[in-house]
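Participant: okay, structure incoming, though there's no sequence with it:
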């Protein structure tokens, strides 16, 4: 956007304001107050000075000069906002041309404002060369700061900046917005960036570009096509945070996450998922934002768009726990869907003993307690402990008990009752503890279930009887 031609009078008054001198500010103000012309090009410089004016009397006089050029919201903001330049308000309430002149005035009054001016001004603004030199001088002296915002430079400025031998890129964050990735200078690929933000960029080889920086610890991609996400990310050994915020993608699976060894946080923003089972993760990832589904089916039990009844934080913990179990994946999916539909695990549906044993292999305390309570209730209701007989019964002890299993076996042998830690065809009774293994035979076995508590009471009672 080209700058409108300035008159000699406008340039003279602006020159006073650009000096950041209190006397000159007052002089410029007196001239403007007695100037029977529209502010024209002077509007933005005067507004810029008013935004940062630290002397209340000068600020009020400047506001009076600007009064007829501002709407109610702009006036209110100028009266109440006293800490400088509110970039969000400026962006939302003034044209890009006016914003550029506000920041150009700010830059001439304070050289530290060169960065925000370069970000705002068009490539053709006459002040760019001076601002870029000031920016470059600052970076040569103090380093690259927090990183590089690619879109603040013209192409030639970027090449000059990246190639300058005295600029130290010691802290590497790269922010790229509204750029054509294929047109970026080759020098960028030689820099060891740790954090990368991409937004609204154009390029057919998005992930080829991303994979040029394998040492990233943080990656965020916004409002870009996510076609052909690579399956293997293992070279990203240091990547801890991954945000894929493009709103038009539908994830069919998230298996690629399992290839990122040290990933801690992941978000798909407002993207969709084909099925909630894709959020089964081997790692306990912090998955920000509960997603929506492409097709709303039986899983959306709490209204349109709400995928899980279980609180989202618990979904994350449970998905990690169930994936670390030894259950077949198809069984994991079945239980994952069942459990995450519950707002309270005490509402678990009625299950067979072997299904409760399945769930006890999942290291999830709240679920384990519910399953133990269910098994104990089944044992109490069945009175299987009363069918335990010397020389006839064989107890199969599954999983971890609170009592040492070898001590329990010795106590049972004294009562002529056999026990085993492995399945045998002649098993008559079963005790199930935490994390049982090799329990598949429960499906077709005719047995009586007894609880650990019942068995310990039985042993104590028989021992007292034999005294």
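Facilitator: Happy to help now that I have it. Values in this document were obtained by computation on a predicted structure and should not be read as measured data. Numbers count the residues shown, from 1 in each chain.
Participant: next structured bit after the worst-scoring helix or strand of the chain on mean pLDDT?
Facilitator: Within the chain, no helix or strand scores below strand 292-293, which has a mean of 65 by mean pLDDT, DSSP states H and E. Next helix or strand after strand 292-293 toward the C-terminus (DSSP states H and E): helix 312-323.
Participant: can you give me the buried ones in that next one?
Facilitator: 314-316, 318-323 (16 or more other Cβ atoms under 10 Å). All C-beta atoms are positioned from the backbone trio N, CA, C, and that covers glycine.
Participant: and if you look at stretch 184-204?
Facilitator: Those would be 184-185, 188, 193-199, 201, 203, for stretch 184-204 by 16+ other Cβ under 10 Å.
Participant: and what of stretch 453-467?
Facilitator: Those would be 454-455, 458-459, 462, for stretch 453-467 by 16+ other Cβ under 10 Å.
Participant: how about stretch 41-61?
Facilitator: Applying 16+ other Cβ under 10 Å to stretch 41-61 flags 41-53, 58-59, 61 as buried.
Participant: residues contacting it, please?
Facilitator: With Cβ atoms under 8 Å, 6 or more residues apart in numbering as the contact definition, stretch 41-61 has outside contacts at 4, 6-7, 10, 13-14, 17-18, 22, 25-26, 29, 32-33, 39, 62-63, 65-66, 69, 78, 81, 84-86, 98-106, 109.
Participant: tell me the mean pLDDT for that stretch?
Facilitator: Summarised as a single mean, pLDDT over stretch 41-61 is 89.
Participant: also stretch 258-278?
Facilitator: Mean predicted lDDT for stretch 258-278 stands at 83.
Participant: related to what we said a few turns ago, of the buried residues of stretch 41-61, closest to residue 178?
Facilitator: residue 44 (23.5 Å; Cβ to Cβ).
Participant: name the SS class of that closest one, please.
Facilitator: helix (DSSP: H, G, I helix; E, B strand; the rest coil).
Participant: for residue 14, see how far away it is.
Facilitator: 9 Å (Cβ to Cβ, to the nearest Å).
Participant: give me the pLDDT for residue 289.
Facilitator: 68.
Participant: hmm, back to that, okay, and which of the contacts of stretch 41-61 map to helices?
Facilitator: 10, 13-14, 17-18, 22, 25-26, 29, 32-33, 62-63, 65-66, 78, 98-106, 109 (DSSP state H).
Participant: of those, keep whichever come out buried.
Facilitator: 10, 13-14, 17-18, 25, 29, 32, 62-63, 65-66, 78, 98-106, 109.
Participant: residues contacting the closest residue in space to residue 331 that isn't next to it in sequence?
Facilitator: With sequence-adjacent residues excluded and distances taken as Cβ to Cβ, 6 or more residues apart in numbering, residue 331 is closest to residue 358, at 6.7 Å. Residues in contact with residue 358 (Cβ under 8 Å, 6+ apart) are 327, 331, 335.
Participant: hmm, back to that, ok, the buried residues of stretch 453-467 vs residue 437, which is closest?
Facilitator: Looking across these and measuring by Cβ to Cβ, the closest to residue 437 is residue 455, at 19.5 Å.
Participant: helices or strands next to whichever strand or helix holds the closest one in the packing?
Facilitator: Using DSSP H and E, residue 455 sits within helix 452-466. On a contact count with 3 or more Cβ pairs under 8 Å, 6 or more residues apart in numbering; DSSP states H and E, helix 452-466 meets helix 365-382, helix 405-414.
Participant: can you give the distance from it to the centre of its chain?
Facilitator: Put simply, helix 452-466 sits 54 Å off its chain's centre (Cα atoms, centre = their mean, to the nearest Å).
Participant: contacts for it?
Facilitator: With contacts defined as Cβ under 8 Å, 6+ apart, helix 452-466 is touched by 376, 379-380, 385, 388, 395, 401-403, 408, 411-412, 414-415, 431, 433, 450.
Participant: circling back: so where does the residue nearest to residue 331 fall, helix or strand?
Facilitator: Counting by DSSP H and E, residue 358 is part of helix 353-360.
Participant: quick one, what contacts the nearest residue to residue 118 once chain neighbours are set aside?
Facilitator: Excluding the flanking residues, the one nearest residue 118 by Cβ to Cβ, 6+ apart is residue 152, at 4.7 Å. Each residue near residue 152 by Cβ under 8 Å, 6+ apart is listed here: 115, 118-119.
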